[in-house]
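> Please work out how this folds:
(chains A and B)
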Amino acid sequence: MSIDGLFPHPVLYIHGIPINDTVLQALLIVVVLGAFAIVTSRRYRAWGPRPWQLAVEYLVETIENLIRDTAGRPLPELVPFLTTMILFIGVSNILGIFPLLQAPTRDLNTTMALSVVALGSWIYFGVRANGLGGYLHTFIEPVFLMMPLNVLGYFSRLLSMTLRLFGNIVAAETIGAVLFALVPVLGPLPLTLLGLITSVLQALVFTMLTFVFIVDAMGQEEELADGTARSAP
Amino acid sequence: MSEAARFAIVTTIVVGAATVLGSIIPTLMEGRAVVRAFDNMARQPSVADRIRGLLFVVMAILESGAIYVLLICLILLFANPFREMLGL
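Here you go, the predicted structure:
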């Protein structure tokens, strides 16, 4: 029994650089989701909305409520980024359902790229909220000696997010492959259904972790007694 | 016993032991988290929805400990770097 079909393999070469099939699958998701977003925003109707417009609004409102409940204050600048992230990761994790496609997140490169994007977002929103000096000051936060530990903490978050997403998706696909070898057609069915649930859940977990660390980098705003707010990282 | 047989037996035993330990311990810890969450959801039904939302996220994070063990076991079984070192 060979499970070589699980691992990403090059399908075409550009100037000698191998392009894996996961790159093409991720590009497909980007194109499809982007087209869907453009069409949705073009045909936006404030009165008499269509059902799929309501579905999209429901998703965005869910993300907004999640942000407000978890951070205590609404952060509208995070909504597009987090919605894109959860849509992309959610769709790419369940892409194995479609006949000739497989999840691009089964490739460690894809998940590492997503984690690097999250890392960039922590730095970006942290600098945007506190300024460059203020953000660098958070590394020295409790004691000056904590600086290497804080930096190491960023890398450990990066690694754990990458491996968590990668491991879940590879495990789901491996279970599907093994069961498919045992019982030809209907074998993978029950555990594939479980795999769908964990796939979407892992997209939510990745997005929530990114969001929580963004809020952590931005610092908490505290309401003082006279109603003014100050930022306290 | 030949090299290949010994390699296969040791790999199998290690993977089996790692799977047993790596699936019992995270499951126990997740069970403790769930029990505490349910107790508090029953105690304060008004925040039950917030607790439920965070419970799923925390359980997925706890699950990642088991996923790390699974990854190492998959690497040992299917992409073992010592296999071509031994010429198998």
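> switch to C-alpha atoms for all contacts and neighbour counts from now on
Will do.
> Show me where chain A has its helices.
Listed in chain order, the helices of chain A (DSSP state H) span A:21-42, A:51-71, A:79-93, A:108-137, A:147-182, A:189-218.
> Distance-wise, check A:G131 relative to chain B.
Counting by CA to the nearest CA, to the nearest Å, the separation of A:G131 from chain B is 31 Å.
> burial measure for that residue, as a count.
A:G131: 14 surrounding residues under other CA atoms under 10 Å in any protein chain shown.
> Pick out the residue closest to the middle of the chain.
Since you didn't name a chain, this refers to chain A. Nearest residue to the geometric centre of chain A (CA atoms, centre = their mean): A:M85, 4.2 Å.
> that's the wrong chain, I wanted chain B
Short answer for chain B (CA atoms, centre = their mean): B:A66, at 1.4 Å.
> right, and that one touches B:S23 too?
Yes - with contacts counted by CA atoms under 8 Å, B:A66 reaches B:S23, the gap being 5.9 Å.
> residues in contact with the residue nearest to B:G65 when sequence neighbours are not counted?
Excluding the flanking residues, the one nearest B:G65 by CA to CA, 6 or more residues apart in numbering or on different chains is B:P26, at 6.6 Å. By CA atoms under 8 Å, 6 or more residues apart in numbering or on different chains, the residues touching B:P26 are B:L62, B:E63, B:G65, B:A66.
> To which secondary structure element type does B:P26 belong?
For B:P26, the assignment made with DSSP: H, G, I helix; E, B strand; the rest coil gives helix.
> Would you check how far apart it and A:L95 are?
Counting by CA to CA, to the nearest Å, the gap from B:P26 to A:L95 is 28 Å.
> Check the burial of B:S2 by counting its neighbours.
Neighbourhood size, B:S2 [other CA under 10 Å]: 6.
> Against A:V170, how distant is it?
Taken as CA to CA, the span from B:S2 to A:V170 is 33 Å.
> on that earlier part again, now do the residue nearest to the centre of chain A, the pLDDT please.
Note for A:M85: predicted pLDDT of 95.
> again, but for the one 5 residues further on
According to the prediction, A:G90 has pLDDT 94.
> That one: neighbouring residues, count only.
The tally of other residues near A:G90 (other CA under 10 Å) stands at 22.
> pretty sure it is touching A:V205, no?
No - using CA under 8 Å, A:G90 is not in contact with A:V205; the gap is 10.5 Å.
> Let's test this: name the helix or strand in chain B with the lowest mean pLDDT.
Taking mean pLDDT, DSSP states H and E as the measure, chain B has helix B:83-86 as its least confident helix or strand, at a mean of 82.
> any idea how far it is from the chain center?
The chain centre lies 27 Å from the centre of helix B:83-86; the measure is CA atoms, centre = their mean, to the nearest Å.
> Can you name the residues in contact with that helix?
Helix B:83-86 is touched from outside by B:E3, B:A4, with contacts defined as CA under 8 Å, 6+ apart.
> could I have it exported to CSV, CA atoms only?
Provided in CSV are the C-alpha atoms of helix B:83-86 (Å, rounded to 0.1, in the frame of the first residue of the first chain):
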residue,chain,number,x,y,z
ARG,B,83,15.8,3.7,6.3
GLU,B,84,18.1,4.6,3.5
MET,B,85,20.9,4.9,5.9
LEU,B,86,20.5,1.2,6.7
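> Can you point out the buried residues in it?
Residues of helix B:83-86 include none that count as buried (16 or more other CA atoms under 10 Å in any protein chain shown).
> and if you look at stretch A:153-169?
By neighbour count on 16+ other CA under 10 Å, the buried set for stretch A:153-169 is A:R157, A:L158, A:S160, A:M161, A:T162, A:L163, A:R164, A:L165, A:F166, A:G167, A:N168, A:I169.
> same question, stretch B:40-51
Burial within stretch B:40-51, assessed by neighbour count using 16+ other CA under 10 Å, is assigned to B:M41, B:I51.
> avg pLDDT for that stretch?
On average, stretch B:40-51 scores 90.
> end-to-end on that stretch?
Chord length of stretch B:40-51, first to last residue, is 8 Å (CA to CA).
> and for it, what are the contacting residues?
Under CA under 8 Å, 6+ apart, the answer for stretch B:40-51 is A:D69, B:A37.
> Contact partners for the nearest residue to A:I169 once chain neighbours are set aside?
In space, and not counting its chain neighbours, A:I169 is closest to A:R106: 5.6 Å by CA to CA, 6+ apart. Contacts of A:R106 were listed using CA under 8 Å, 6+ apart, and they are A:L6, A:F7, A:P8, A:F166, A:G167, A:I169, A:V170.
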